[in-house]
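Colleague: Sharing a model prediction with you, sequence too.
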Amino acid sequence: MTRRIVDHPVLGPAPAHVPVTIFVGGTPVEAFEGEPIAAALAAAGVRVFRRTSKRGESRQLFCGIGRCTDCVMVVDGQPNVRTCVTPAREGMRVEVQDGRGVWERSRGDSSAPGGGPAAEPVDGAAGVRGGDE
Amino acid sequence: MRRVDVAVVGAGPAGLCAAAEAARHGCEVALLDENAKAGGQLFKQIHKFFGSRAHHAGRRGIDIGAELLDEVAGLGVHVCLGAAVWGLYEGKTLAVAESDHSWRLAAGAIVLATGATENGLSFPGWTLPGVMGAGCAQTMINVHRVLPGRRVLMVGSGNVGLIVAYQLLQAGAEVAAVVDVLPRVGGYPVHAAKIARAGVPVLTGHTVKAVAGDGVAEEATVWAVDEHFRGMPGSEQAFRVDTVALAVGLSPMAELAWLAGCRMGHVPELGGHVPVHDGRMATSVPGVFVAGDVSGVEEASSAMEEGRLAGVWAASAAGKTTTEQAAGAAEPHVAALDGLRSGPYGAHVRRGKQALADGVAAAQAQVLGGGGV
């Protein structure tokens, strides 16, 4: 059963939307174009967005407005993307992030063109909530 | 470097009103916000505003938001979205980051209207998926129209807790209970009554003992507290819930004010560290003003009035109006704020704002990392 709110006593029927398909760990998930990735995942019942670096604890949403970074995932090969404020687009690839995540293009290729981002992410890039253990 | 008369940081209710008022007084205004849409949190306020004698009572935040967007558009305000302000330098220069580049903006006066952020609450299991801010749940249901969960425990019975609990019901979720550590409900009786009519138990004098589950929130245990707010063994009650929403207050997001060197004071009534400001919303740094939750956590209604005040006085600081003109334009907003803060529910804000206006927080050296400020 969908978690989408189709009809609402104050807001009325759901506004028109353009359905797109995003891929979460390779599995197709229906999203509405332009809605936050996190909303599409919540609608699909996805409850684990990332796992912390030391204890592998699961995390999902906390603030929902781009402040806390609890919901970061690897999106189209880029880690630490705040899914609560990043719009869903057709064909987007979304992966559960392990720890601080790894840039896809730097995997096994230290000579990524354009002096791409370092394989070691910046400290504290993810998870300000209660220590990231 | 770009240059405007007045730069406003944050396009929520306070920032929108500040921008509109400065523009109305002849300023070229830039309104910056890191989000993709303006309006701040107004567009998740689907309830009718209540408890204010000012003109917004009886109207919904979403409608007020739409009206404010029209107002700033009509006044020619430059609205820069997806633009995060990350620096504030001497000479009133802002550093602004967009997705792929960064730029600087000089201003004759600056209004900081950066809002507040939800507080967390620490208990075993509070980091589990399903434990989230009440505002997060509200954003999901009212803006994105997705249920974050099906069965919710609400922690906190202030207006946010009560309103979001009711809105979760409207959205089709179940609310197992509302708990509050205090001995009585914190929010307006009208909101509490709606919850009671829906049959949701309100457990005052209770807090969360723990949230547990197999990698996600599945069960929340609450227990009664004694007069020292310590949990009482034997009083536990368990609720099968997939979501625990925390409505335990907000903290002003005053980073830019710290950065600007504004004198800060710690005022518990206002949510924590806030920039010391006077009745014109002027901080201790000439030309830097504040408005809305960053100057002390209140409600959207007062944020809008503070925004208008700050906008008027920013226009004056930018040299676009005389002090006399500004004082005249400010008057109705000062009166509106007094009205909004009258009565028992405004007492804490009156105390907090008075402490700042008196400069008490500063004079007692309770500032700038002075420990226990």
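Modeller: Here it is on my side, so go on.
Colleague: Excluding chain neighbours, what is closest to residue B:258?
Modeller: Closest residue in space to residue B:258, ignoring its immediate chain neighbours: residue B:264 at 6.6 Å, by CB to CB, 6 or more residues apart in numbering or on different chains. C-beta: built from backbone N, CA, C; applies to glycine.
Colleague: Looking at strand pairing, list the partners for that neighbour.
Modeller: Listed by DSSP bridges, the beta-bridge partners for residue B:264 are residue B:275.
Colleague: Can you check what pLDDT the model gives the closest residue in space to residue A:7 that isn't next to it in sequence?
Modeller: Using CB to CB, 6+ apart and skipping the chain neighbours, the partner closest in space to residue A:7 is residue A:13 (5.5 Å). Predicted confidence (pLDDT) at residue A:13: the value is 92.
Colleague: And residue B:226, by the same measure?
Modeller: 97.
Colleague: Grab the nearest non-local neighbour of it.
Modeller: In this structure, residue B:226 finds its nearest non-sequential neighbour in residue B:232, 5.6 Å apart by CB to CB, 6+ apart.
Colleague: contacting residues around that neighbour?
Modeller: Contact partners of residue B:232, counting by CB atoms under 8 Å, 6 or more residues apart in numbering or on different chains, are B:223, B:224, B:225, B:226.
Colleague: for residue B:135, same thing?
Modeller: Residue B:135 makes contact with A:63, A:64, A:65, B:41, B:44, B:118, B:160, B:164 under the criterion CB under 8 Å, 6+ apart.
Colleague: Mind doing that once more with 7 Å?
Modeller: Residues counted as contacts of residue B:135 (CB atoms under 7 Å, 6 or more residues apart in numbering or on different chains) are B:41, B:118, B:160.
Colleague: Kindly report the same for residue B:290.
Modeller: The neighbourhood of residue B:290, defined by CB under 7 Å, 6+ apart, consists of B:112, B:257, B:275, B:277, B:281, B:283, B:310.
Colleague: Could you measure from it over to residue B:330?
Modeller: Residue B:290 sits 15 Å away from residue B:330, taking CB to CB, to the nearest Å as the criterion.
Colleague: what's near enough to touch residue B:81?
Modeller: If a contact means CB under 7 Å, 6+ apart, then residue B:81 has B:33, B:35, B:36, B:37, B:38 as its contacts.
Colleague: Just among the residues you listed, which is most surrounded?
Modeller: Neighbours here mean other CB atoms under 10 Å in any protein chain shown. Within the contacts of residue B:81, the largest count is held by residue B:33, at 26 neighbours.
Colleague: Check whether residue B:170 sits in a helix, strand or coil.
Modeller: helix (DSSP: H, G, I helix; E, B strand; the rest coil).
Colleague: what about it, how many residues close to it?
Modeller: Burial of residue B:170 is recorded as 18 neighbouring residues (other CB under 10 Å).
Colleague: How about it: what's its closest non-neighbour residue?
Modeller: For residue B:170, the spatially nearest residue (CB to CB, 6+ apart) is residue A:9, at 5.3 Å.
Colleague: and that neighbour, how many neighbours?
Modeller: Burial of residue A:9 is recorded as 11 neighbouring residues (other CB under 10 Å).
Colleague: Wait, it touches residue B:169, no?
Modeller: No: using CB atoms under 7 Å, residue A:9 and residue B:169 do not qualify as a contacting pair, with a distance of 9.6 Å.
Colleague: Can you tell me the SS state at the spatially most distant residue from the centre of chain B?
Modeller: Distance from the C-alpha centroid of chain B peaks at residue B:234, with 37.3 Å (CA atoms, centre = their mean). Secondary structure, three-state DSSP: residue B:234 is coil.
Colleague: any idea which helix or strand carries the closest residue to residue B:123 other than its chain neighbours?
Modeller: Nearest in space to residue B:123, with sequence neighbours left out and distances taken as CB to CB, 6+ apart, is residue B:208 at 4.8 Å. Take DSSP states H and E as the rule and residue B:208 turns out to sit in strand B:206-212.
Colleague: ok, and what's touching that strand?
Modeller: By CB under 7 Å, 6+ apart, the surrounding residues in contact with strand B:206-212 are B:123-126, B:128, B:131, B:155, B:179, B:181, B:217-225, B:231, B:236, B:244.
Colleague: Only the buried subset of those residues, as a PyMOL command please.
Modeller: Selecting only the buried members of the contacts of strand B:206-212 in PyMOL, with burial defined as 16 or more other CB atoms under 10 Å in any protein chain shown, works like this:
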select buried, chain B and resi 123+125+126+128+131+155+179+181+217+219+220+221+222+223+224+225+231+244
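Colleague: Okay, and which of the contacts of strand B:206-212 map to strands?
Modeller: The strands, defined by DSSP state E, take in B:131, B:155, B:179, B:219, B:220, B:221, B:222, B:223, B:224, B:244 from the contacts of strand B:206-212.
Colleague: Reformat those residues as a markdown table; add distance to chain A.
Modeller: Written out in a markdown table, the entries for those read as follows (distance: CB to the nearest CB, whole Å):
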| residue | distance to chain A |
| --- | --- |
| B:131 | 8 |
| B:155 | 14 |
| B:179 | 19 |
| B:219 | 15 |
| B:220 | 16 |
| B:221 | 19 |
| B:222 | 20 |
| B:223 | 21 |
| B:224 | 25 |
| B:244 | 11 |
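Colleague: which two in the residues you listed are spaced the farthest apart?
Modeller: Pairwise distances among those were taken by CB to CB; the largest, 20.8 Å, belongs to B:131 and B:224.
Colleague: circling back: so the residue nearest to residue B:123 bridges to which residues?
Modeller: When bridges are taken as DSSP bridges, the partners of residue B:208 come out as residue B:222.
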